[in-house]
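In: Pasting a predicted model and its sequence here:
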Amino acid sequence: MNQTRSVSHNLVEFLNDQVMLSDLCSAVMRPEARGKFLLSLASTYTSDVPGISAAGLTPSSRRLTPALDAEILMATGSFTAKKIPHSPGGGISPVVITRACAALLNWDISIINCGVFHPPQVEVITAGQRVAKCLSSGEAQSLDDVEALFVRGLEMGKQFHNDFDYLVLGECVPGGTTTALALLTLLGYEVGGLLSSSLPVANHLLRWQLIETGLTKLKIGSESIAANPLEAVAAVGDSMQPFVAGLMCSASQFMPVFLAGGSQMLAVHKLGQLLNRNRLGISEQIRAGVFSTKWVAHDTSADVIKLSQMLDVPFACSSVSFANSTKEAFRLYEDGHVKEGAGAGAALAIAALSLSLTEERLVSEIEKVYDLLVTENY
């Protein structure tokens, strides 16, 4: 594992495994490179726990967030609720960032429903239909559902390499950093205190209390999980995890894959590594890396860089700052609100790399989308 840290571009920082990250980035730096973006939506009753997530002001609003993010990204103008999702502290949903960058990059976009409370009012591809129970149950999903999601991901991952040069996999899963922590814990990794959060200060104690409750109710042992890591997903995970892991394992055999997110996607990458070896019999390194925002990578209440090194996952972040933004909803990101989601970090990084855009230009384009969505429509 190469843990060298360097800067490949003034707006992108390589944090773990420079060799793989350089290979991935070379795929997007050609002017003619064509990108496909998939946003996978999932819900879990874990997000109903008060204080567990900033992906919405209340438990009921967090249930709407996946649908809203999908609708905002696809720009239909017909939203499930007449309000762009905000964090309790006032930070706006990162899907606004992703939409702006996706337009600049001319990405082809698809929405995947892995199982949500409220399906979005846009065209979706259905991979799953069941919402995961709270991980404190120790039986969040059925193993049959998880297996089906993984296989669906494997199948879909074979579909894009003839039409696109790289694949970007984003997620919207309120409560997903908690299910990621639970999954990694059950897979045998001691990662307490390392995962970031959508809150300014990571809620490590609350997350760990939920996980401890779930662990006391488990009906499977470590040997069973080692033989089939999807059993850990069924016990304490969410439906995005097996689907995106399958997508990554399959698509990375044909094209570079960018996992767009933070702690959640580091967990998915590790899950994919394990499944690649013990389910698919592939020993080669997966041609995929996790690309996040600087607010996740340098979260002072977590240690996501150390997490990436522990898991042996290539990890990079966008270094774009909102400190000089004219919009308070974006300046709040600099104070640790929201941080990441809906593929924002990878979208920022790839826009900077592919289009050689300055920070000023990127922020300006994002603010234009903000004005379109918020000022004109609300």
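Out: Right, received. Where do you want to start? Numbers count the residues shown, from 1 in each chain.

In: show me where the stretch 201-350 of the chain has helices.
Out: Listed in chain order, the helices of the stretch 201-350 of the chain (DSSP state H, counting those that start in this stretch) span 204-215, 222-227, 230-236, 240-251, 263-278, 294-297, 304-311, 328-331, 344-355.

In: name the helices or strands packed onto the third one?
Out: Judged by 3 or more Cβ pairs under 8 Å, 6 or more residues apart in numbering; DSSP states H and E, helix 230-236 is in contact with helix 143-156, helix 176-186, helix 204-215, helix 222-227, helix 240-251. In this view, the C-beta of every residue, glycine as well, is placed from N, C-alpha and C.

In: same check, this time on the second one
Out: Packing contacts for helix 222-227, counted by 3+ Cβ pairs under 8 Å, 6+ apart, involve helix 230-236.

In: Would you reformat the helices and strands packed on helix 230-236 as CSV and include distance to D69, mean neighbour count and mean pLDDT?
Out: What follows is the helices and strands packed on helix 230-236, written out as CSV (distance: least, Cβ to Cβ, whole Å; neighbours: other Cβ atoms under 10 Å; pLDDT from 0 to 100):
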stretch, distance to D69, mean neighbour count, mean pLDDT
helix 143-156, 20, 20, 97
helix 176-186, 12, 28, 95
helix 204-215, 22, 17, 89
helix 222-227, 31, 12, 88
helix 240-251, 13, 30, 97
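
In: Is my assumption valid that C25 occupies a position in a helix?
Out: Yes - counting by DSSP: H, G, I helix; E, B strand; the rest coil, C25 is found in a helix.

In: Any figure for the gap between it and Q18?
Out: Going from C25 to Q18 by Cβ to Cβ, to the nearest Å gives 10 Å.

In: If you count surrounding residues, which of the two has more?
Out: A direct count of neighbours by other Cβ atoms under 10 Å for C25 and Q18 places C25 higher, at 23 against 17.

In: pretty sure that one is touching V12, no?
Out: Yes - counting by Cβ atoms under 8 Å, V12 is a contact partner of C25 at 7.3 Å.

In: on that earlier part again, can you redo the helices and strands packed on helix 230-236 as CSV with distance to C114?
Out: Listed next are those as CSV, based on distance: least, Cβ to Cβ, whole Å:
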stretch, distance to C114
helix 143-156, 6
helix 176-186, 11
helix 204-215, 20
helix 222-227, 21
helix 240-251, 5
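
In: In the stretch 1-150 of the chain, where is pLDDT below threshold?
Out: Counting by pLDDT under 70, the stretch 1-150 of the chain shows low-confidence ranges at 1-9, 54-56, 76-91.

In: Fine by me, we can end here.
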